[in-house]
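Colleague: Can you look at this prediction? I've put the sequence above it.
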Amino acid sequence: MIAANAETVLGKSSCSAGQTGRVAWDDHPVTEPKTVASAVEEVVPGVRRWSIHDERIDFLGAAYAVTTDQGVVMIDPLPLEEEALASLGNVEAIVLTCGSHQRASWRYRREFGVKVHAPALSKEIDEEPDVRYSEGDVLPGRLHAVFTPGAGTTQHTLLLDDPSVAFVPDMLVETPERRVAMLASRWMYDPEEARRSVEKLLELNFEVLCLAHGTAVTEGAKQALRDALTGPEYG
């Protein structure tokens with residue numbers, strides 16, 4: 001089940017071209033968005049979400065927070081109003097799924113005095129992350145890093161065991177019809193690699209799919225992936 005609508009297509013941007021002549025979307029430096037989210041919502045117990053229409057890319061952006069016994073881990077954090085931000089609890093770390101999802105990370109790093117974890121291959125980012133991670137690493141919040149390139153060169157899916165959730169970067173988006181779709185090939189660094197990454201996700205254990213550019217699929221997550229592979233792209 002998908003709970004919200006996507007707003008519009010990912011905006012155009014220029015960055016380094018890949019082997020197909022397409023850009024690596026996830027390694028383009030972008031400043032923090034000006035739009036601020038006003039509220040958070042629960043996806044499943046222990047996982048919360050907030051979103052904005054990101055004016056930098058003219059598309060919906062979503063961020064997540066995982067609550068653990070040690071505190072809260074922010075995933076690809078977007079700006080959040082103070083009251084809603086305080087409602088998250090004690091922030092212990094920030095994790096990025098790809099280089100371009102730095103968003104409000106650096107400001108929140110200074111505000112909360114926490115470490116930012118980013119993919120090892122991230123290059124064009126505004127500040128140096130505290131920790132660079134690779135596939136197989138276990139990150140704060142018991143998040144397991146899975147390399148899922150294609151939309152860009154630094155993309156990682158983050159897996160949470162309990163609850164069983166996959167946090168996915170740019171290769172999948174939500175359409176206005178509330179369908180999960182592959183991002184259009186013209187925005188992909190390597191579209192075929194992106195498809196292989198989605199096929200790789202089908203082999204992993206999770207029940208909830210959280211999109212960085214869409215909502216959370218809480219029912220039929222694996223079928224949503226299969227439909228994305230066979231259905232039309234979006235963007």
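Modeller: Perfect, thanks for sending it. Residues are numbered from 1 along each chain as shown.
Colleague: just the helices in this protein please.
Modeller: Assignment of helices within the chain using DSSP state H yields the ranges 82-88, 105-112, 191-202, 221-230.
Colleague: Show me what the first one is in contact with.
Modeller: Residues lying outside helix 82-88 but in contact with it, judged by CB atoms under 8 Å, 6 or more residues apart in numbering, are 37-40, 48, 50, 65, 67, 72, 74, 80. Heads up, the C-betas are built off the backbone N, CA and C, glycines and all.
Colleague: And the furthest pair within these?
Modeller: Farthest-apart pair in the contacts of helix 82-88 is Ser38 and Thr67; separation 20.0 Å (CB to CB).
Colleague: The two: which has the busier surroundings?
Modeller: Thr67 (17 against 10; other CB atoms under 10 Å).
Colleague: For the nearest residue to Val217 once chain neighbours are set aside, which residues are in contact?
Modeller: In space, and not counting its chain neighbours, Val217 is closest to Leu209: 4.2 Å by CB to CB, 6 or more residues apart in numbering. Applying CB under 8 Å, 6+ apart to Leu209 gives the contacts 165-166, 168, 172, 180, 216-217, 221, 224-225.
Colleague: Can I get these in a markdown table including neighbour count?
Modeller: Putting the contacts of Leu209 into a markdown table (neighbours: other CB atoms under 10 Å) gives the following:
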| residue | neighbour count |
| --- | --- |
| Val165 | 24 |
| Ala166 | 25 |
| Val168 | 29 |
| Leu172 | 29 |
| Val180 | 27 |
| Ala216 | 25 |
| Val217 | 26 |
| Ala221 | 22 |
| Ala224 | 20 |
| Leu225 | 20 |
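Colleague: Low-confidence ranges, the chain, go.
Modeller: 1-30 (pLDDT under 70).
Colleague: again, only using 50
Modeller: Low-confidence segments of the chain (pLDDT under 50): 1-25.
Colleague: picking that back up, can you say which of the helices of the chain is nearest to Gln155?
Modeller: helix 191-202 (7.4 Å).
Colleague: Report the buried residues of the closest one.
Modeller: In terms of neighbour count (16 or more other CB atoms under 10 Å), helix 191-202 has its buried residues at 191, 193-195, 197-198, 201.
Colleague: now do stretch 145-164
Modeller: Counting neighbours by 16+ other CB under 10 Å, one finds that the buried residues in stretch 145-164 are 145-160.
Colleague: Stretch 81-100 too?
Modeller: Buried, per 16+ other CB under 10 Å, within stretch 81-100: 85, 88, 91-100.
Colleague: Please apply the same query to stretch 134-146.
Modeller: Those would be 137, 139-141, 143-146, for stretch 134-146 by 16+ other CB under 10 Å.
Colleague: mind exporting it as PDB, just the C-alpha atoms?
Modeller: C-alpha atoms of stretch 134-146 as PDB (Å, rounded to 0.1, in the frame of the first residue of the first chain):
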ATOM      1  CA  SER A 134      31.000   0.300   1.700                       C
ATOM      2  CA  GLU A 135      28.800  -2.700   0.900                       C
ATOM      3  CA  GLY A 136      28.500  -5.100   3.900                       C
ATOM      4  CA  ASP A 137      29.200  -2.500   6.500                       C
ATOM      5  CA  VAL A 138      26.800  -2.300   9.500                       C
ATOM      6  CA  LEU A 139      26.000   1.300  10.200                       C
ATOM      7  CA  PRO A 140      24.400   3.000  13.200                       C
ATOM      8  CA  GLY A 141      20.800   1.900  13.800                       C
ATOM      9  CA  ARG A 142      21.800  -1.700  12.700                       C
ATOM     10  CA  LEU A 143      21.500  -0.600   9.100                       C
ATOM     11  CA  HIS A 144      23.200  -2.900   6.600                       C
ATOM     12  CA  ALA A 145      24.700  -1.300   3.500                       C
ATOM     13  CA  VAL A 146      23.900  -2.900   0.200                       C
END
